[in-house]
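> no sequence for this one, just the structure:
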């Protein structure tokens, strides 16, 4: 990953600091298995530099932004770059304090404390990736306050006070406007350095597609990228919902094409059918037809 950062032109001083961080904080063998190995790389020099600088300063990060901006990809890329074990917590309305920190369990005839992901992350000096943090109730998130501010401790009711390891960081992600989301309270938000994630640029999307699909012919790779931005424009103009603006779906569709599924069916599965309204599906298919023929086959799309 550090070689990737160097190739991306990330500030050499930051790369040296990340390398020194890794060397100063080696992992035990059992923890090395928890270091993410993300499939995708995050492309975006400025965002990389801002995020790395914040983590080196000991800050926690809140990544905000719309759909398909790479929040989760960047989170895992950062954990890999810093060489830290990661604990992923997917938030929802029923998440409570016990689910985050831990709870009592009955084992071998005794009541024992079973650590939760936040507790384990704090003790192990890992990176806690808090996915869709604004889907949880604020009262559940209140237990994180002492872990996220200058105190850097976790109080476990009935048990000991747990100081966090120096290398522990938390990276939270959130989308606005999704069903079930809510505003974060000011007390929690103030404990993060916030990065507003931009939409991937055409150049970086092309690099992503070229890296993932090296045998995809250039003209079709370019058309696939343009299709993504066509759909984005239609979303911005309120012609279609954001359901079809799905970068994962586009990558899935290209994977299906590489496996031999005709382009039209693959794009239906990856993008079009994400919208359930038949009229909207028609609008999406019209946008797709402007860029890629539904009849394109693997032999036409990919070089051998």
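Perfect, thanks for sending it. Since the model is a prediction, treat every value here as computed from it, not as a measurement. Numbers count the residues shown, from 1 in each chain.
> got a list of contacts for stretch 209-216?
Applying CB atoms under 8 Å, 6 or more residues apart in numbering, the contact partners of stretch 209-216 are 40, 41, 221, 224, 225, 251, 254, 258, 301, 302, 303, 304. Every C-beta, even on glycine, is put in place using the N, C-alpha and C of the backbone.
> just the buried subset of these, written out for PyMOL, thanks.
To isolate the buried members of the contacts of stretch 209-216 in PyMOL, using 16 or more other CB atoms under 10 Å:
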select buried, resi 40+41+221+224+225+251+254+258+301+302
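> which pair in the contacts of stretch 209-216 spans the largest distance?
Farthest apart among the contacts of stretch 209-216 by CB to CB are 41 and 304. That separation is 25.7 Å.
> separation between residue 294 and residue 278?
When distance is defined by CB to CB, to the nearest Å, residue 294 is 17 Å away from residue 278.
> now do residue 191
As judged by CB to CB, residue 191 and residue 278 stand 45 Å apart.
> swap in residue 1?
Residue 1 is 44 Å from residue 278, where distance means CB to CB.
> so for residue 294 and residue 278, which sits in the more crowded spot?
In this comparison of residue 294 against residue 278, neighbours counted by other CB atoms under 10 Å, the higher total goes to residue 294 at 14 against 7.
> hmm, residue 266 and that one touching each other?
No - between residue 294 and residue 266 there is no contact under CB atoms under 8 Å: 9.4 Å.
> which stretches in the stretch 51-200 of the chain count as strands?
Here the stretch 51-200 of the chain has its strands, by DSSP state E, counting those that start in this stretch, at 61-64, 86-90, 102-107, 110-115, 127-131, 153-155, 161-163, 169-174, 193-196.
> packing partners of the last one?
Okay, so that is strand 193-196. Applying 3 or more CB pairs under 8 Å, 6 or more residues apart in numbering; DSSP states H and E, we find strand 193-196 packed against helix 45-56, strand 61-64.
> how about JSON lines for the ones you listed, with mean neighbour count added?
Formatted as JSON lines, the helices and strands packed on strand 193-196 follow (neighbours: other CB atoms under 10 Å):
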{"stretch": "helix 45-56", "mean neighbour count": "18"}
{"stretch": "strand 61-64", "mean neighbour count": "23"}
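> okay, now the unreliable bits of the stretch 51-200 of the chain?
Scanning the stretch 51-200 of the chain for pLDDT under 70 picks out 103-104, 138-139, 156-159, 176-182.
> try the stretch 201-304 of the chain
For the stretch 201-304 of the chain (pLDDT under 70), the answer is none.
> now do the buried residues in stretch 187-194.
Quick answer for stretch 187-194 (16+ other CB under 10 Å): 188, 189, 191, 192.
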